[in-house]
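Trainee: Quick one: sequence plus predicted model below, questions after.
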Amino acid sequence: MSEPLVFHFDIDGEDFISAGQASIQIKKNLRRIGLDPEIIRRVSIAMYEGEINMVIHAKGGEADVKLYEDRIEIILADKGPGIKNIDEAMQEGFSTASDTIRSLGFGAGMGLPNMKRYSDEMEINTEIGVGTTVRMVIKLA
Amino acid sequence: MKIKDLKELLDAEVFCCEENLGRQIDSACGCDLMSDVLAYVKDQGALLTGLVNPQVVRTAVMMDLICIVFVRSKEPTEDIVELARENGIVVMNTSKRLYEACGILYSNGLTGKVKNS
Ligand SMILES: Nc1ncnc2c1ncn2[C@@H]1O[C@H](COP(=O)(O)OP(=O)(O)O)[C@@H](O)[C@H]1O
Ligand SMILES: [Mg+2]
């Protein structure tokens, strides 16, 4: 299969206010390529929640979006604290976010469930004290 | 209804993208929790919210919403307006509270019902 088109972003973990810039950029790029709007929406929402998570839980990280002929892969890698219990973290409503984050409209424990809802496949690799990598796949057509 | 009808019903002030006031919206949602918007909203045109920060605009972009209404006279900051302008999203504010603003729109036919959710 041919090489994927790759978009790479460094996600700044310093400030929540600018979180989501990479997802906006991806949305623009995919629109320019002319993908189906519903696919674009699913990719950008899944990535946005993941990007927010890297900022609020892991002090930033790196995002790669790979566009293959038959799928889009989103890989979000951080060197944050890791996730203690993935099953627990995947539950709707489970959150360790601060009240400050809650007052900003996030931290309701819906991020990971949303990411799963909008992707066709999702896997999380995490190690306490080392970091977390989330890989999501959205199939095309 | 058109965005300009919504503006009139809510007696709202527009901050950007006046050129899009003629665009049609078929439904709306009222919510302060952006993760809920990201989880449940589908094919809604407008977001009414009491939350004022740039993530509201980014959430709207992700969901393809075309209008944001800040309630209780909350003033969007310049960075919020700028981000919305870049993305063609009409931003306005109204003195009404969230419940009241939603009620006015609902009773004027903007029911928020979605074809296939
Ligand atoms: N990248 C990450 N690094 C460390 N912990 C994470 C990460 N992503 C999610 N988590 C943990 O999983 C929990 C649930 O995540 P999520 O469903 O997105 O909810 P929220 O972000 O609203 O807390 C978070 O509260 C956090 O404890
Ligand atoms: Mg989250």
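Mentor: Arrived safely. Ligands and ions are numbered 1, 2, ... in the order given.

Trainee: close to ligand 1, is the helix or strand harbouring residue A:113?
Mentor: Taking DSSP states H and E as the criterion, residue A:113 maps to helix A:111-118. Yes: against ligand 1, helix A:111-118 shows contacts by C-beta under 6 Å from any ligand atom at A:111, A:112, A:113. The C-beta positions use only the backbone N, C-alpha and C, and glycine is treated the same way.

Trainee: same thing with stretch A:10-20?
Mentor: No: for a cut-off given as C-beta under 6 Å from any ligand atom, stretch A:10-20 has no contacts with ligand 1; the smallest distance is 10.2 Å.

Trainee: For that stretch, buried residues please.
Mentor: Of the residues in stretch A:10-20, A:11, A:13, A:16, A:19, A:20 count as buried by neighbour count, 16 or more other C-beta atoms under 10 Å in any protein chain shown.

Trainee: Check the residues you listed and tell me the two furthest apart.
Mentor: With C-beta to C-beta as the measure, no two of those lie farther apart than A:13 and A:20, at 12.9 Å.

Trainee: Show me where the chain dips below the pLDDT cut-off.
Mentor: This is for chain A. In the predicted model, chain A carries pLDDT under 70 at residues A:1.

Trainee: Chain B is the one I meant
Mentor: For chain B, the stretches flagged by pLDDT under 70 are B:113-117.

Trainee: What is the neighbour count of the residue of chain A found nearest ligand 1?
Mentor: Going by C-beta to the nearest ligand atom, ligand 1 is nearest to residue A:111 of chain A, at 2.2 Å. By the criterion of other C-beta atoms under 10 Å in any protein chain shown, residue A:111 has 26 neighbours.

Trainee: Just say helix, strand or coil for the nearest residue to it once chain neighbours are set aside.
Mentor: Closest residue to residue A:111 apart from its sequence neighbours, by C-beta to C-beta, 6 or more residues apart in numbering or on different chains: residue A:49 at 4.2 Å. State at residue A:49, reduced to three classes by DSSP: H, G, I helix; E, B strand; the rest coil: helix.

Trainee: could you list every residue that touches residue A:49?
Mentor: Neighbouring residues of residue A:49 by C-beta atoms under 8 Å, 6 or more residues apart in numbering or on different chains: A:110, A:111, A:112, A:114, A:115, B:35, B:38.

Trainee: hey, where'd the strands end up in chain A?
Mentor: Listed from the start of the chain, chain A has strands (DSSP state E) covering A:5-12, A:60-67, A:71-78, A:121-127, A:131-139.

Trainee: May I see those strands arranged in TSV, with distance to residue B:4 as well?
Mentor: Output for the strands of chain A, formatted as TSV (distance: least, C-beta to C-beta, whole Å):
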stretch	distance to residue B:4
strand A:5-12	37
strand A:60-67	37
strand A:71-78	37
strand A:121-127	41
strand A:131-139	36
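
Trainee: Single out the most deeply packed of the ones you listed.
Mentor: Neighbour counts (mean count of other C-beta atoms under 10 Å in any protein chain shown) averaged over each of the strands of chain A peak at strand A:71-78, with a mean of 22.

Trainee: Quick one: check that one for contact with ligand 1.
Mentor: Yes: with C-beta under 6 Å from any ligand atom as the criterion, ligand 1 is reached by strand A:71-78 at residue A:78.

Trainee: Show me which residues of chain A are close to chain B?
Mentor: Residues of chain A lying near chain B by C-beta under 8 Å from any C-beta of the partner chain: A:16-20, A:23-24, A:27, A:37, A:41, A:44-45, A:48-49, A:52, A:104-111, A:113-114, A:117.

Trainee: In helices, which of those appear?
Mentor: Counting by DSSP state H, the part of the residues of chain A next to chain B found in helices is A:23-24, A:27, A:37, A:41, A:44-45, A:48-49, A:52, A:111, A:113-114, A:117.

Trainee: list the contacts for the nearest residue to residue A:8 once chain neighbours are set aside?
Mentor: Computed as C-beta to C-beta, 6+ apart, the closest residue to residue A:8 that is not its neighbour in sequence is residue A:64, at 5.3 Å. Shown in contact with residue A:64 (C-beta under 8 Å, 6+ apart): A:6, A:7, A:8, A:9, A:73, A:74, A:75, A:77.
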